[in-house]
Every structure is written in structure tokens, then in C-alpha cells.
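Trainee: fold the stuff below for me.
(one chain, ligands or ions: 1)
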Amino acid sequence: MSNELARDPEAKETASAEEVISFDGVDKVYGADDPAKESVTALKDIDLDIRQGEFVSVVGPSGCGKTTLLHMAAGLLEATNGSVRINGVDVQGPDHKRKEVGLVFQHPVALEWRTVRKNILLPVQILKENGAIEGDMDEYRDRVDDLISLVGLEGFGDSYPNELSGGMQQRVTISQSLVYNPSVLLMDEPFGSLDAMTKDQLNVELLRIWRETEKTILFITHDLDEAVFLSDRVVVLSPRPGEVADDVEIDLDRPRNEETRGSERFVELSAALHKNFRSLR
Ligand SMILES: Nc1ncnc2c1ncn2[C@@H]1O[C@H](COP(=O)(O)OP(=O)(O)OP(=O)(O)O)[C@@H](O)[C@H]1O
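Mentor: The predicted model follows:
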């Protein structure tokens, strides 16, 4: 694959430590500064470090603060206490570079009147308008073609979103998050609305894309088996207020494929995680 899509070498240099995503003593209280509303403590005392090139999933009961955690890493929400850093830089500070972070949400965000190619280019146009990235558009147009082939959408660059299946639309979303070459991908249940077969297939493909692009990934999911299949570590949050209840190393060999799901070790790890999860209630 093209080296163009691998991790930005500049990002490696700017990371002061191996930790690429760091939560340090983070609390999130919604409504803390609005006396008219009852406050909700979503997350409490989160310490979590994700190292260069790691794939870490976060699981936990509904409402425990998974999306809140991800939105804080994206700089979309401010921590009430503590700090969140990407590549050693506070995401709320003036030195934070928005281009360091790619976001993938559960539902595709493609605009129906733009072709696949133009949709993939959209984040670049937005970031360029905001002054967050520089460089020539032609450079990014070439990159779009590399991405279309990386995510398996060859031949669909001139199609419109309504001509694509749900799985293909999520491939577009993944390309959108990679187009400006962030060092970090934050993924919030990206395959949650897909059927089981498409989800399994995209899981395998995501691992290939991760391997080829060398990104650091923070992945939110409700699906414990998906978390085991994908991750180096699975972080378990307690019921709200979410605290880190467990941080489980997943020692399955890589590369992983469909056979991995049938392996003895996968079944063991999955069973242990399900048991751990039940004990939280
Ligand atoms: N803007 C908000 N204002 C007030 N409370 C909020 C807000 N957003 C989220 N919450 C509350 O914070 C808690 C954590 O929400 P969050 O969406 O992060 O959980 P989650 O683990 O992602 O949930 P789910 O698994 O159901 O998607 C919930 O109790 C939710 O009601």
C-alpha cells in the first residue's frame, strides 16, 4: 500500500511520550455550572493511557459514559476535572491540533448530493477553511484515490451515498476520518447499525487498515466479542458514574481473521469478559 497513508512521521516526533491518548484524573459532570439543572456525574477519576499504535476498546453498561469519554478525547467536550491529552498536548489548549484526530460515528455522515470521492474530501475542505490544515488540494485528491482502494471501494468513487449499502457507507466514513492523516482514530460504535455478517467482515478489514496505516485507535462498542476480536486491551467501565473497573489485555495472535473467533483463547477471553461484565450490575 502507499506509504502516504501510514502514520504522519511528524506526529511521532511531537509525541513527548509513548502515550498518544492520556486521560489523567478526569471527571465529567454534566450541568455542573447550571444551578437550575440537576447535575449528572458521567465519569469519575478516569486514568487511562493509550500507547502509540495500540487498539483499545472501551465497553460498559449503557449510560456509563463511553461516548462522553470519546467526545472528551476529540475535544468536543471539556473535562470538569483533570486533563485529556493527545500526543502530549491538552485537547482544550491552544496548541491542540484538530488534524491529529479522526472521528467515526455510528451513522455515516456522507452528504447525499456529493459523490463518494467528494464526500471523502469534505473534512479536508472544512479543516482547510478553519485553518487547521495546509497544503495543496491536489495532494489530498491523490490521497482520496489511495483511500478508496484501501477501504475496498474501487469503482465507486463517482457513486452517490444512496447507491451504496450501509457497510459501504461506513467505509466512506472511515476514509473521511483518514483523509487528513490523523495519528488517532476515535470510533464510536462504527458498526453498531450493521448486520452481523457485514460487521464481522468490516472488523477484519478495520484490522487490516489499522495495520497498514499504523494509527492509534480508541474504539467504543456494546459488543464484547467485537472488543475482544479487535483489541490489544479492553477497558471496562463501571455503571454510571463510569470508572475504570478493569483493563484486560487481549493476547490473541495477530493478524486476526475469521478463524480467530473460533479459537480456544478467543472463547476463553470472551467468556471471562462476559462474566466480568455481569458482575458489574
Ligand atoms: N448533554 C448531556 N447533558 C446531561 N447529561 C448527559 C448529557 N450527555 C450525556 N449525559 C448523561 O451522561 C451519562 C453518560 O452518557 P454517555 O452517552 O456518555 O453514555 P454511554 O455509555 O455512551 O451510553 P450508551 O451506551 O447508552 O450509548 C448518561 O447518564 C447520560 O444521560
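Trainee: count the neighbours of residue 32 for me.
Mentor: 14 (other C-beta atoms under 10 Å). The way it works is simple: take the backbone N, C-alpha and C, and place the C-beta from them, glycine included.
Trainee: typed the wrong thing, it's residue 40
Mentor: Using other C-beta under 10 Å, residue 40 is surrounded by 15 other residues.
Trainee: verify the contact between it and residue 32 for me.
Mentor: No - in this structure, residue 40 is not within contact of residue 32 by C-beta atoms under 8 Å, at 9.1 Å.
Trainee: overlap in contacts of these two?
Mentor: Common contact partners of residue 40 and residue 32 (C-beta atoms under 8 Å, 6 or more residues apart in numbering): none.
Trainee: quick one: residue 119 and residue 161 touch, right?
Mentor: Yes - with contact defined as C-beta under 8 Å, residue 119 reaches residue 161; the gap is 6.9 Å.
Trainee: tell me where the stretch 1-150 of the chain is predicted with low confidence.
Mentor: Segments of the stretch 1-150 of the chain classed as low confidence (criterion: pLDDT under 70) are 1-17.
Trainee: flag every residue of it that's near the ligand.
Mentor: With C-beta under 6 Å from any ligand atom as the criterion, the stretch 1-150 of the chain meets the ligand at residues 30-31, 40, 42, 60, 62-68.
Trainee: narrow those residues to just the buried residues.
Mentor: Neighbour-count burial (16 or more other C-beta atoms under 10 Å) applied to those gives 30, 42, 60, 64-68.
Trainee: could I get the residues you listed in TSV, plus columns for secondary structure?
Mentor: Shown next, in TSV, are these (DSSP: H, G, I helix; E, B strand; the rest coil):
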residue	secondary structure
30	strand
42	strand
60	coil
64	coil
65	coil
66	helix
67	helix
68	helix
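Trainee: what's the most distant pair in the residues you listed?
Mentor: 30 and 60 (16.8 Å; C-beta to C-beta).
Trainee: how near is whichever residue of the stretch 101-250 of the chain sits closest to the ligand to residue 68?
Mentor: As assessed by C-beta to the nearest ligand atom, the ligand sits closest to residue 240 within the stretch 101-250 of the chain, at 5.1 Å. Distance, residue 240 to residue 68, by C-beta to C-beta, to the nearest Å: 10 Å.
Trainee: also residue 230?
Mentor: For residue 230, the distance to residue 68 (C-beta to C-beta) stands at 21 Å.
Trainee: just the strands in the stretch 151-281 of the chain please.
Mentor: Ranges of strands within the stretch 151-281 of the chain are 184-188, 216-220, 233-237, 244-249, based on DSSP state E, counting those that start in this stretch.
Trainee: before we move on, the earlier item: of all the buried ones among the residues of the stretch 1-150 of the chain next to the ligand, which comes closest to residue 272?
Mentor: Relative to residue 272, the closest of those is residue 60; by C-beta to C-beta it sits at 15.9 Å.
Trainee: quick one, what contacts the closest residue to residue 193 other than its chain neighbours?
Mentor: Take residue 193 and drop its neighbours on the chain: the residue closest to it by C-beta to C-beta, 6 or more residues apart in numbering is residue 106, 5.8 Å away. With contacts defined as C-beta under 8 Å, 6+ apart, the neighbours of residue 106 are 188-190, 192-193.
Trainee: does residue 201 really touch residue 170, like I thought?
Mentor: No - if you go by C-beta under 8 Å, residue 201 and residue 170 don't touch, sitting 10.9 Å apart.
Trainee: having no further points to raise, I will conclude here.
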